[in-house]
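> Next come a sequence and a model predicted from it.
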Amino acid sequence: MWATCAFIATSVNPDLVRSMHMMTWIIFDCTYMITTIQLLALGGYIVLNKKQVTFPAWTGWCAIAIGITFVPLVLMPFVSEGPFAVNGLWNFFFIFSIWLFAFQIPIGYFMLKSLMTKKLSPKSTLAHAS
């Protein structure tokens, strides 16, 4: 829908482009529930599973905290001004910044570190999968 807005921006009423953009953003942000459940599940796995050694416990607590910070996005369709509006600080800048810097980068780092330190032996399951 955003690509459509860009494609038709010069040939239609600007209010139509704005409404399509707003609708797309609301649809995009209202899927936060899926990400919240994923973050809470991963955080719970990291914190509660003492046998896993890939991720430090603090990454699990970060995942849980970030999952909780997504919950205020439920307000976004109902407010037009302030931090929880579509163009608000919480809705875009805070949520995506904290997700990137406190979740995606640390989890990606430890995942890649774990992959780089483990060597596949000829008898590994990946070798026999083909």
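In hand now; what should we look at? Residues are numbered from 1 along each chain as shown.
> drop to CA atoms for contacts and neighbour counts, all remaining ones
Will do.
> So the chain: which segments form each domain?
The chain breaks down by automatic domain parsing into domains covering 1-30, 32-108.
> These: lowest mean pLDDT?
Mean pLDDT per stretch puts domain 1-30 lowest among the domains of the chain, at a mean of 84.
> one step back: identify whichever of the domains of the chain lies nearest to M116.
domain 32-108 (11.6 Å; Cα to Cα).
> Extract the C-alpha trace of stretch 23-42 and format it as PDB.
Extracted as PDB, the C-alpha positions of stretch 23-42 are listed here (Å, rounded to 0.1, in the frame of the first residue of the first chain):
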ATOM      1  CA  MET A  23      -4.500   3.000   7.100                       C
ATOM      2  CA  THR A  24      -1.300   1.100   6.100                       C
ATOM      3  CA  TRP A  25       0.600   2.400   9.200                       C
ATOM      4  CA  ILE A  26      -2.300   1.400  11.500                       C
ATOM      5  CA  ILE A  27      -2.400  -2.100  10.000                       C
ATOM      6  CA  PHE A  28       1.400  -2.400  10.300                       C
ATOM      7  CA  ASP A  29       1.500  -1.300  13.900                       C
ATOM      8  CA  CYS A  30      -1.500  -3.200  15.100                       C
ATOM      9  CA  THR A  31       0.400  -6.500  14.400                       C
ATOM     10  CA  TYR A  32       2.500  -5.700  17.400                       C
ATOM     11  CA  MET A  33       0.700  -8.500  19.300                       C
ATOM     12  CA  ILE A  34       2.500 -11.100  17.300                       C
ATOM     13  CA  THR A  35       5.900  -9.500  18.000                       C
ATOM     14  CA  THR A  36       5.000  -9.100  21.700                       C
ATOM     15  CA  ILE A  37       4.200 -12.800  22.000                       C
ATOM     16  CA  GLN A  38       7.400 -13.800  20.200                       C
ATOM     17  CA  LEU A  39       9.500 -11.500  22.400                       C
ATOM     18  CA  LEU A  40       7.900 -12.800  25.600                       C
ATOM     19  CA  ALA A  41       8.300 -16.400  24.500                       C
ATOM     20  CA  LEU A  42      12.000 -16.000  23.600                       C
END
